[in-house]
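A.B. asks: missing the sequence, but the structure's below:
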DNA sequence: TTCATTGTAACTCCTATAGTTACATGAAAC
DNA sequence: GTTTCATGTAACTATAGGAGTTACAATGAA
């Protein structure tokens, strides 16, 4: 499968929306994310179902943030996307009869479950506001560096 | 993509081979793993390149374990398979120019890198001998339970 | 010489996201 | 009320890489 980049994409979109006054259209978001407006609508639609954004049709319509940036975690976005499969690897057969296979699966599952738990904990610990702050810091650094370079 | 089950598969195969005297053919391994002999050859071939198994053609040929079960870790098998991609998710573009995207990518990468590190540490901590022991334990439990049930 | 077995090329199948086209629906602007 | 700008959504195609399959050459023991 091509890798699922939806989580990365919605984060990117939400941060741009936060920097922007008024609704942003799928078209504008698609251009700034280098993708297709229909893909944007599909993905943002999942966030709308969870009350994170809203959409308005017609003239001056588009996407608007509804949720509190300080309260929405990456984990919630991951859940809004339907909790996509995390790993590209896994057991062939989770209901194996073979005892050898059961042992192997149990060991691997332990490791995968623990890694997934860590990942989701990390996601739960970061809010959109944290990311926005990090962006501001990075932006300031970038400007300082540019000034030095010139 | 369908999930990559090669690691699970080679573990399954190696443990069966350990329980078996003499070489095992791709055909026999394929049957006991419910797959195809060519798939077995393809995957086992990667382990052969790392000296973990050897293969012999002709009559009474097949696959033989070469490595010391106490020294081969799951991590080494993962590496022998070419370190397959761990996550089904990821950034769209790792060389983003957009500062917003860079912030998002940096945060996500941190989380993914840490989760991957944990997973590979777990893999490095388990040898084939450990797995064989675990299988023996499970097997004993299973037999005891069967006796009680009868 | 026969036959079991690996080695390997060259396909098709699978599966979920991404991308695209097309068009219906809705809402503001004029 | 008509135009115009949006979203909503169906219905496709493209993509990637493992898995599955067929076919056949090469090899080695009986």
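C.D. replies: Received the coordinates, thanks. Given the structure is predicted, the values throughout are model-derived calculations rather than measurements. Numbering: from 1, shown residues only, chains lettered A, B, ... in the order given.

A.B. asks: When you work out contacts or count neighbours from here on, use the C-alpha atoms and nothing else.
C.D. replies: Noted.

A.B. asks: Might you list the low-confidence residue ranges for chain A?
C.D. replies: Along chain A, the parts satisfying pLDDT under 70 run over A:1, A:142-150.

A.B. asks: the helices in it, which residues?
C.D. replies: A:6-18, A:26-33, A:37-48, A:74-80, A:99-124, A:128-149 (DSSP state H).

A.B. asks: What number of residues are in the vicinity of the residue in chain A that DNA strand C sits nearest to?
C.D. replies: DNA strand C sits closest to residue A:58 of chain A, with a gap of 2.8 Å, by Cα to the nearest atom of the strand. A count of nearby residues for residue A:58, using other Cα atoms under 10 Å in any protein chain shown, gives 6.

A.B. asks: Of the helices of chain A, which is nearest residue B:87?
C.D. replies: Closest of the helices of chain A to residue B:87 is helix A:99-124, at 10.1 Å (criterion: Cα to Cα).

A.B. asks: what's the angle from that closest one to helix B:26-33?
C.D. replies: If you take axes from the mean of the first three to the mean of the last three Cα atoms, to 10 degrees, helix A:99-124 sits at 60 degrees to helix B:26-33.

A.B. asks: Helix A:99-124 and DNA strand D, are they touching?
C.D. replies: No: contact between helix A:99-124 and DNA strand D is absent, the nearest approach being 13.9 Å (criterion: Cα under 7 Å from any atom of the strand).

A.B. asks: helices or strands up against that helix?
C.D. replies: With contacts taken as 3 or more Cα pairs under 8 Å, 6 or more residues apart in numbering or on different chains; DSSP states H and E, helix A:99-124 sits against helix A:74-80, helix B:6-18, helix B:99-124, helix B:128-149.

A.B. asks: give the contact list for the closest residue to residue A:72 other than its chain neighbours.
C.D. replies: Leaving out its chain neighbours, the residue that sits closest to residue A:72 by Cα to Cα, 6 or more residues apart in numbering or on different chains is residue A:127, at 5.4 Å. Listed by Cα atoms under 8 Å, 6 or more residues apart in numbering or on different chains, the contact set of residue A:127 reads A:69-74.
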